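Novice: turn this into a structure:
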Amino acid sequence: MSDRGTPDGSASEGPAPGYYPDPSIPGYIRYWDGRAWVPGSSRRAPQEGGVLSQPTPPAGPVWKLPLQDPFTSVERGERAAPVVRRFAARAVDALLKSVVVAGASAPLWLAALRHVRQRIDDAAAAGQSTTVWLIDGTTGALGAAVVAVALVTGFLYEALPTARWGRTPGKWLFALAVVDIETMTPPGLRRATRRYLTRFLLNVLLIGFLTSSLWPVADYPRRQGWHDKAAHTWVVRRSAAPVDWKPLRTRVRRLIGRVRGWYESWARRPERIRTTEAAESQVSKSLDLVGLSDRPETAAAVGSIEAVLERVFRTLGPPPEGLSHDKEPVVHGGGGNAQ
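Specialist: As a prediction, the model looks like this:
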């Protein structure tokens with residue numbers, strides 16, 4: 001399937017260039033150039049036999065009702081997604097988003113429950129029959145905060161992946177994709193945001209299931225919900241392109257190696273501490289001078305030194321007679337020294 005919309009990229013398998021019913025807007029027509037829809041060429045369908053000009057020269061052909069709709073013939077390589085598969089993908093996405101929203105907004109709805117329980121306990125302690133409203137200023141503000149958390153979470157989970165890749169995790173699981181009807185590519189941020197906000201508003205109005213899940217059953221062959229019609233998008237069957245996992249595996253291996261090195265360093269820390277303490281203890285023992293004189297080897301070394309000095313003195317003999325240690329002290333004063 002090529003990006004131009006034909007099964008193999010050739011123009012021979014599609015209908016001739018001309019105006020055909022607009023697949024996204026009932027009652028409108030759009031120009032087909034033989035390979036893809038021409039953006040910006042959608043206009044209201046004229047009466048039978050009316051003359052229309054082509055978006056590009058030469059002048060356009062006489063508009064005729066086509067025997068086949070390019071939406072179902074030329075785009076047969078991009079078949080509309082079955083309703084059951086769309087419902088299954090929506091259920092997976094709803095489950096994942098619900099888990100995230102419930103965890104992110106847990107402090108909010110738990111605070112609302114505590115507030116309601118406190119009001120009930122206060123009414124019971126008063127001993128009077130009174131009406132406790134579940135929705136008041138506090139619970140209303142907390143409920144609005146929960147809705148805001150759900151809105152932001154859904155935008156991050158659904159709108160951004162749809163704008164970039166045309167699919168959410170649920171649609172990826174069931175080989176579905178959201179595409180722009182004109183270009184047959186991911187819809188982009190503007191259309192994806194419009195699609196998400198429309199469906200979110202319909203869900204708040206409690207008609208989201210009807211307009212997004214049941215309406216495509218009757219909308220044949222487009223299978224578009226109200227949010228798809230508002231954003232000019234189309235849900236098709238399209239498997240995801242094969243992913244090159246080699247760079248990801250390389251990064252994961254590097255990350256695992258770093259984590260393993262950090263863990264081994266952390267696990268060996270007690271052993272290094274014990275080794276350091278043992279070395280410090282050995283050094284302190286070797287430098288312990290307090291009990292050095294009480295050791296037997298110290299006494300033996302001192303005795304050996306005394307014996308050697310005694311032999312040296314005997315060899316040298318007594319000191320000379322002229323050598324005396326009696327000297328007068330040095331007296332300072334008078335501008336000089338006198339001994």
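Novice: mean confidence score for stretch 45-52?
Specialist: The average pLDDT within stretch 45-52 is 66.
Novice: any regions of this structure where pLDDT drops low?
Specialist: 1-14, 47-78, 240-244, 282-295, 319-339 (pLDDT under 70).
Novice: helices of that one, residue ranges please.
Specialist: Ranges of helices in the chain, per DSSP state H, are 83-104, 106-126, 137-154, 160-165, 169-173, 188-204, 208-209, 215-218, 226-231, 246-267, 269-286, 296-316.
Novice: residue 157 is in contact with residue 100, correct?
Specialist: Yes - counting by C-beta atoms under 8 Å, residue 157 is a contact partner of residue 100 at 7.0 Å. Quick note: C-beta positions are derived from backbone N, CA and C, even for glycine.
Novice: how close does residue 169 get to residue 94?
Specialist: Look at residue 169 and residue 94: by C-beta to C-beta, to the nearest Å, they are 11 Å apart.
Novice: next: residue 167.
Specialist: Residue 167 sits at a distance of 15 Å from residue 94 (criterion: C-beta to C-beta).
Novice: of these two, which one has the most company?
Specialist: residue 167 (23 against 13; other C-beta atoms under 10 Å).
Novice: beta partners of the nearest residue to that one once chain neighbours are set aside?
Specialist: Residue nearest to residue 167 in three dimensions, not counting chain neighbours: residue 177, with 5.0 Å by C-beta to C-beta, 6 or more residues apart in numbering. Applying DSSP bridges to residue 177 gives these bridge partners: residue 236.
Novice: residue 215: how many residues sit nearby?
Specialist: Counted with other C-beta under 10 Å, residue 215 comes out at 19.
Novice: find the nearest non-adjacent residue to it, please.
Specialist: Per C-beta to C-beta, 6+ apart, closest to residue 215 is residue 225, 5.2 Å.
Novice: so what's the one you found up against?
Specialist: 199, 211, 212, 213, 215, 216, 219 (C-beta atoms under 8 Å, 6 or more residues apart in numbering).
Novice: at 7 Å instead, please
Specialist: Residues near residue 225 by C-beta atoms under 7 Å, 6 or more residues apart in numbering: 211, 212, 215, 216.
Novice: just to revisit the earlier point, how close does the residue nearest to residue 167 sit to residue 168?
Specialist: Taking C-beta to C-beta, one finds residue 177 at 10 Å from residue 168.
Novice: kindly report the same for residue 106.
Specialist: Noted for residue 106: a distance of 23 Å to residue 168, by C-beta to C-beta.
Novice: one more: residue 138?
Specialist: Going from residue 138 to residue 168 by C-beta to C-beta gives 34 Å.
Novice: more crowded one of these two?
Specialist: Using other C-beta under 10 Å, the more surrounded residue of residue 138 and residue 168 is residue 168, with 23 against 13.
Novice: quick check: phi and psi on the more buried one?
Specialist: The phi and psi torsions at residue 168 (degrees, to the nearest 10) take the values phi -100, psi 170.
Novice: which residue is the nearest non-sequential neighbour of residue 161?
Specialist: residue 168 (5.4 Å).
Novice: fine, thanks again, bye for now.
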